[in-house]
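> quick one, structure for this:
(chains A, B and C)
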Amino acid sequence: MTVESRSIRLNTQGHCDIVDITSEVAKQVADSGVKEGAVTVFVTGSTAGVTTIEYEPGLVADLKEMWDRVVPEKVPYRHDRAWGDGNGYAHVRAALLGPSLVIPLLNKRMALGTWQQIVLLDFDNRARSREVVVQIMGE
Amino acid sequence: MTVESRSIRLNTQGHCDIVDITSEVAKQVADSGVKEGAVTVFVTGSTAGVTTIEYEPGLVADLKEMWDRVVPEKVPYRHDRAWGDGNGYAHVRAALLGPSLVIPLLNKRMALGTWQQIVLLDFDNRARSREVVVQIMGE
Amino acid sequence: MTVESRSIRLNTQGHCDIVDITSEVAKQVADSGVKEGAVTVFVTGSTAGVTTIEYEPGLVADLKEMWDRVVPEKVPYRHDRAWGDGNGYAHVRAALLGPSLVIPLLNKRMALGTWQQIVLLDFDNRARSREVVVQIMGE
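Residues are numbered from 1 along each chain as shown, chains lettered A, B, ... in the order given. Prediction:
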């Protein structure tokens, strides 16, 4: 049984930038040599989250519009009054989505569907450099 | 330390079908012989998700109504314009809920409350055959 | 490779009480001696959930207000009609947020950002005693 902790560095545009990180995660899984186990994908920071979606331009736009409706940028946030950085909505969205995702590995492959990609959502109101931890545990 | 990867096959009705899979997961856990560890429940595909809820008919209906309010079927989705399959809302709901859930095993039992069941939510707009991966890791 | 299953007991006020449990989880991680691995944080029960947020009073209030907008207490819930305990909204919120969170451990430290704290959200409509399972797996 081994644990391999790796990470992905990427630059995002913020403003609900939705980035497909499936191939980077798959590369780390392949490099680890783990056959049966699981990969944890975890984003460090409090204004981003991870999930899966069919990564095609229509759905990427649909998912952004959902966030605009459900946790709008323009309602008043106390965080913004106190800190003035204008990204209260980004923190609240990230808390609702969550920072972690666990994907089983079956015979060296992630148990994803054909149209199911791993995405990082960066809700912050500016471009960011992000670190996503990719941790593979198994044998 | 062992890793046991199993799966559950089930047929759903779609349209926010909410299926209690607790007993099937518990059976896989019991069969694995793992005493201390965790079980990862992961649904393959991009129009379904997993979580826990008290599984009683009132709450099952309440949870469906929440999805109808928060991510409605009838707002325009670009996915539907591009692909014509009418299930854009299902993809967006699944991305918000997430495909994975991790439950600790304590002395061979899942750390669930008495009124806390594991559920698969199938948001798709048609009946589906679903595969849920149940992976047990521990000793 | 070891598995250490621990738990945190805490009293909450309910009504979307948001409690920072980071230091308690960090203490369990330190006591475990695990260097590389992951910690699963799981709340037992169907009216609470876990996530991460920057724990400052403005955002704590903002997150509560988001729940009041997205899954309001005052829409009719069938659970309340059937059971009369008035906490249908709490169950639905908990199902949307989810009970589990997985955080990688890198050289004995959780992969959290500086302004990223682990929080328990207790949605129930009364004060509760809660058990949060903290399970550390790794080597």
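
> looking at chain A, which helix is longest?
For chain A, the helix that runs over the most residues, judged by DSSP state H, is helix A:57-70.

> just the strands in chain A please.
Along chain A, the stretches classed as strands by DSSP state E are A:2-12, A:17-20, A:37-43, A:48-53, A:100-106, A:109-110, A:117-122, A:128-138.

> nearest to residue C:68, of those?
Comparing those against residue C:68 with CB to CB, the closest turns out to be strand A:48-53 (21.0 Å). The C-beta positions use only the backbone N, C-alpha and C, and glycine is treated the same way.

> elements contacting that closest one?
strand A:37-43, helix A:57-70, helix A:88-97, strand A:100-106, strand A:117-122, strand A:128-138, helix B:88-97 (3 or more CB pairs under 8 Å, 6 or more residues apart in numbering or on different chains; DSSP states H and E).

> does the helix or strand of chain A with the lowest mean pLDDT reach chain C?
Within chain A, no helix or strand scores below helix A:78-83, which has a mean of 91 by mean pLDDT, DSSP states H and E. Yes. Remark: helix A:78-83 sits within contact range of chain C at A:78-83, by CB under 8 Å from any CB of the partner chain.

> list the contacts for residue A:79?
A:85, A:87-88, A:91, C:54, C:56, C:58-59, C:62 (CB atoms under 8 Å, 6 or more residues apart in numbering or on different chains).

> quick one on the thing from earlier: tabulate the helices and strands packed on strand A:48-53 (JSON lines), appending distance to residue B:131, mean neighbour count and mean pLDDT.
Below are the helices and strands packed on strand A:48-53 laid out as JSON lines (distance: least, CB to CB, whole Å; neighbours: other CB atoms under 10 Å in any protein chain shown; pLDDT from 0 to 100):
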{"stretch": "strand A:37-43", "distance to residue B:131": "16", "mean neighbour count": "26", "mean pLDDT": "98"}
{"stretch": "helix A:57-70", "distance to residue B:131": "21", "mean neighbour count": "18", "mean pLDDT": "98"}
{"stretch": "helix A:88-97", "distance to residue B:131": "24", "mean neighbour count": "26", "mean pLDDT": "98"}
{"stretch": "strand A:100-106", "distance to residue B:131": "11", "mean neighbour count": "24", "mean pLDDT": "98"}
{"stretch": "strand A:117-122", "distance to residue B:131": "18", "mean neighbour count": "24", "mean pLDDT": "98"}
{"stretch": "strand A:128-138", "distance to residue B:131": "20", "mean neighbour count": "21", "mean pLDDT": "98"}
{"stretch": "helix B:88-97", "distance to residue B:131": "15", "mean neighbour count": "26", "mean pLDDT": "98"}
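
> just put those in TSV and tack on distance to chain C.
Putting these into TSV (distance: least, CB to the nearest CB, whole Å) gives the following:
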stretch	distance to chain C
strand A:37-43	5
helix A:57-70	6
helix A:88-97	4
strand A:100-106	5
strand A:117-122	13
strand A:128-138	4
helix B:88-97	7
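
> the residue in chain A positioned nearest to chain B and residue B:84, how far apart?
When scored by CB to the nearest CB, chain A has residue A:58 as its residue closest to chain B, at 3.7 Å. For residue A:58, the distance to residue B:84 equals 11 Å [CB to CB, to the nearest Å].

> same question for residue A:133.
In terms of CB to CB, residue A:133 sits 38 Å off from residue B:84.

> again with residue A:23
Distance of residue A:23 to residue B:84, computed by CB to CB: 28 Å.

> what residues sit buried inside stretch A:10-30?
A:12, A:14, A:16-19, A:21-22, A:24-26, A:28-29 (16 or more other CB atoms under 10 Å in any protein chain shown).

> just the residues you listed now: which is nearest chain C?
Distance to chain C across these (CB to the nearest CB) is lowest for residue A:28, with 12.4 Å.

> the nearest residue to residue A:122 once chain neighbours are set aside pairs with what?
Using CB to CB, 6 or more residues apart in numbering or on different chains and skipping residues adjacent in sequence, the residue nearest residue A:122 is residue A:12, 3.9 Å away. When assigned by DSSP bridges, residue A:12 has beta-bridge partners residue A:128.

> now do the buried residues in stretch A:107-116.
By neighbour count on 16+ other CB under 10 Å, the buried set for stretch A:107-116 is A:110-113, A:116.

> got the end-to-end distance for that stretch?
18 Å (CA to CA, to the nearest Å).

> quick one: average confidence on that stretch?
Over the span of stretch A:107-116, the pLDDT mean works out to 98.

> same check on stretch A:21-34?
97.

> briefly note if that stretch comes near chain B.
No. Stretch A:21-34 lies apart from chain B when judged by CB under 8 Å from any CB; the minimum separation is 9.2 Å.

> how far does that stretch sit from the chain's center?
How far stretch A:21-34 lies from its chain's middle: 15 Å, per CA atoms, centre = their mean, to the nearest Å.

> list of residues touching it?
Contacts of stretch A:21-34 (CB under 8 Å, 6+ apart): A:2, A:4, A:6, A:8, A:10, A:39, A:41, A:55, A:103, A:105, A:108, A:110, A:112, A:117-120, A:132, A:134, A:136-139.
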